[in-house]
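Q: below: sequence and its predicted model.
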Amino acid sequence: APRVFLAPDAPPALRVIFGAFDFKGKRYGAILLGPDGKVRHLWQTSQEDVAWEHRDDANVFPHGFAVDRQGSIYVGYDNGSCLTKYDWCGRIVWRLRGHFHHAITLGDDDTLWVWGPTPGQAGSQECMLQIDCATGKVLKAIPLAKVREANPEIDIFGIRQLDREDHSTWVHDGGGPWHPNDVEPLPRALAAKFPQFKPGDLLISLRSLDLVLVLDPDTLKVKWWRQGLARRQHDPDWAPDGSISIYDNNMHRDWSRIVAVDPGTYLSRVLLAGRPYGFYSHIQGKHQLLPGGGMLITSPQQGRVFEVDRQGKVVFELLNVYDDQDRLLNLSEAVSLPLDYFQETPKCP
């Protein structure tokens, strides 16, 4: 079993961890820890049990997770075959075919946002999709190429091009020329902290460009951007103080960190330096700013989740050890929830 440390003064919370575990039945899933650090519930997931062509679970990575107040979870995979909603008991509610990846964000209006395929183009992976949580119906699709076309006056998307005399060609990595990895709508509850934006504006991360931007989903106009503050970043979040916090992987520089930028002044600061915590994940990663001023951090490549309080003291840590040689399995994402988060959960057979 994973090793769990819980300080006596750790904030009481429910903590959900999603990733690879040594389950008997399946390779991937999520575990729910109670405020005592003990397992209260688990969901086992797979993207192999589909009727269409797919990779097996050994050749994908669980990456994209959300849990709602009814106890349902939403799961995607890098290089996977589907986006799936499971209920509290692990039964499939709905499933969409395609490669949905990196992050899933629940919105105010019972919808979610995720990166996935452009409708009608099964092989693509650079489209922002708004999906109805109840039915799995795609409500809006915004291909990243359309965003680039709508903003010719700011050439922030064409940086990864090789120029010839008469045209330019794209430089691709594993995620295409831009490698999108997050899209998050501005919640109504935080809108007053961001007067230059409106509720529903999208906070977007493009890893290969070291670029974070805010997009109007109706006009496709870029309202704000910041490039180069982080290196190969993930998971920009709307912070309660009106800043934007960012998981800076800081690839190839030994230590990751969490930074924040004020979108009005462009002033930035380091919220958590990685070196004192031995924190480094050159790819992937999530973070969550907590109500009491603490922070929950997922370091996937270390198979590690840790939480610090306002003073920077580690109050919770999980190491995803799976054998007697202290090898660790990757973790994708951890989420801290208030004790009354779940409205009502059914009894499972």
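A: On my side now, so go ahead. Numbering: from 1, shown residues only.
Q: every contact and neighbour count from this point should use C-alpha atoms.
A: OK.
Q: quick one, helices of the stretch 101-250 of the chain?
A: 144-150 (DSSP state H, counting those that start in this stretch).
Q: from D254, how far out is the residue nearest to W255 when sequence neighbours are not counted?
A: Of all residues beyond its chain neighbours, the one nearest W255 is Y280 (4.7 Å), with distances taken as CA to CA, 6 or more residues apart in numbering. Distance, Y280 to D254, by CA to CA, to the nearest Å: 6 Å.
Q: so which of those two has more stuff around it?
A: Neighbour count, other CA atoms under 10 Å: between Y280 and D254, Y280 has more, with 24 against 14.
Q: ok, that one - contacts?
A: N249, D254, W255, S256, R257, G274, S299, Q301, Q302 (CA atoms under 8 Å, 6 or more residues apart in numbering).
Q: what does T265 give?
A: T265 neighbours (CA under 8 Å, 6+ apart): none.
Q: from G242, how far out is it?
A: For T265, the distance to G242 - CA to CA - is 11 Å.
Q: same question, P35
A: 29 Å.
Q: over to E126?
A: Taking CA to CA, one finds E126 at 28 Å from G242.
Q: so how many other residues sit close to the residue nearest to D248 when sequence neighbours are not counted?
A: With sequence-adjacent residues excluded and distances taken as CA to CA, 6+ apart, D248 is closest to Q233, at 4.6 Å. For Q233, the neighbour count with other CA under 10 Å is 32.
Q: go on, the one 10 residues further on?
A: Neighbourhood size, S243 [other CA under 10 Å]: 21.
Q: look at the residue nearest to the spatial centre of the chain and report its pLDDT.
A: Centroid check for the chain by CA atoms, centre = their mean gives A103 as the closest residue, at 3.2 Å. pLDDT for A103: 97.
Q: thought it was touching P62?
A: No - using CA atoms under 8 Å, A103 is not in contact with P62, being 9.9 Å away.
Q: okay, and the common contacts of those two?
A: Going by CA under 8 Å, 6+ apart, residues that sit against A103 and also against P62 are G76.
Q: which SS state does Q325 fall under?
A: Classification of Q325 by DSSP: H, G, I helix; E, B strand; the rest coil places it in coil.
Q: my bad, D340
A: Criterion first, three-state DSSP; result for D340: coil.
Q: which strands and helices sit next to the helix or strand hosting I31?
A: Here I31, judged by DSSP states H and E, is contained in strand 28-33. Under the contact criterion of 3 or more CA pairs under 8 Å, 6 or more residues apart in numbering; DSSP states H and E, strand 28-33 touches strand 14-20, strand 39-45.
Q: of all those, which gets the most neighbours per residue?
A: When these are scored by mean count of other CA atoms under 10 Å, the highest mean neighbour count falls to strand 14-20 (a mean of 23).
Q: got a list of contacts for it?
A: Contacts of strand 14-20 (CA under 8 Å, 6+ apart): 27-35, 62-63, 65, 329-339.
Q: and it, how far from the chain's centre?
A: 13 Å (CA atoms, centre = their mean, to the nearest Å).
Q: neighbouring strands - and their directions - for it?
A: strand 28-33 (antiparallel), strand 331-337 (antiparallel) (DSSP bridges).
Q: got the CA coordinates for that strand in CSV?
A: This file holds the C-alpha atoms of strand 14-20, laid out as CSV (Å, rounded to 0.1, in the frame of the first residue of the first chain):
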residue,chain,number,x,y,z
LEU,A,14,-11.2,14.5,2.2
ARG,A,15,-8.3,13.8,-0.2
VAL,A,16,-8.8,12.1,-3.5
ILE,A,17,-5.7,10.7,-5.3
PHE,A,18,-5.9,9.6,-9.0
GLY,A,19,-3.3,7.5,-10.8
ALA,A,20,-1.7,4.1,-11.0
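Q: that strand versus strand 39-45: what angle between them?
A: Put simply, strand 14-20 runs at 30 degrees to strand 39-45, going by axes from the mean of the first three to the mean of the last three CA atoms, to 10 degrees.
Q: show the average pLDDT along strand 14-20.
A: 97.
Q: tally of neighbours for the residue nearest to V321 when sequence neighbours are not counted?
A: Counting by CA to CA, 6+ apart, V321 lies nearest to L328, which is 4.4 Å off, once chain neighbours are set aside. The number of residues packed near L328 is 19, by other CA under 10 Å.
Q: any stretches of this structure with poor pLDDT?
A: Of all residues in the chain, none has pLDDT under 70.
Q: so P276, which of the three states?
A: helix.
Q: and if you look at A58?
A: A58 - assigned by three-state DSSP - is helix.
Q: all strands of the stretch 151-300 of the chain, in order?
A: 161-163, 168-170, 180-185, 202-206, 211-215, 222-227, 234-238, 244-248, 257-261, 268-273, 286-289, 295-299 (DSSP state E, counting those that start in this stretch).
Q: the nearest residue to K221 once chain neighbours are set aside: how many residues sit nearby?
A: Leaving aside its sequence neighbours, K221 sits nearest to L215 (CA to CA, 6+ apart; 5.8 Å). Other residues near L215 come to 21 when the count uses other CA under 10 Å.
Q: same question, L337
A: Applying other CA under 10 Å, we find 18 residues neighbouring L337.
Q: quick check: closest non-adjacent residue to it.
A: Computed as CA to CA, 6+ apart, the closest residue to L337 that is not its neighbour in sequence is L14, at 5.0 Å.
Q: how much space separates the residue nearest to A230 when sequence neighbours are not counted from R304?
A: Of all residues not flanking A230 in the chain, D248 sits nearest, at 5.0 Å (CA to CA, 6+ apart). Going from D248 to R304 by CA to CA gives 16 Å.
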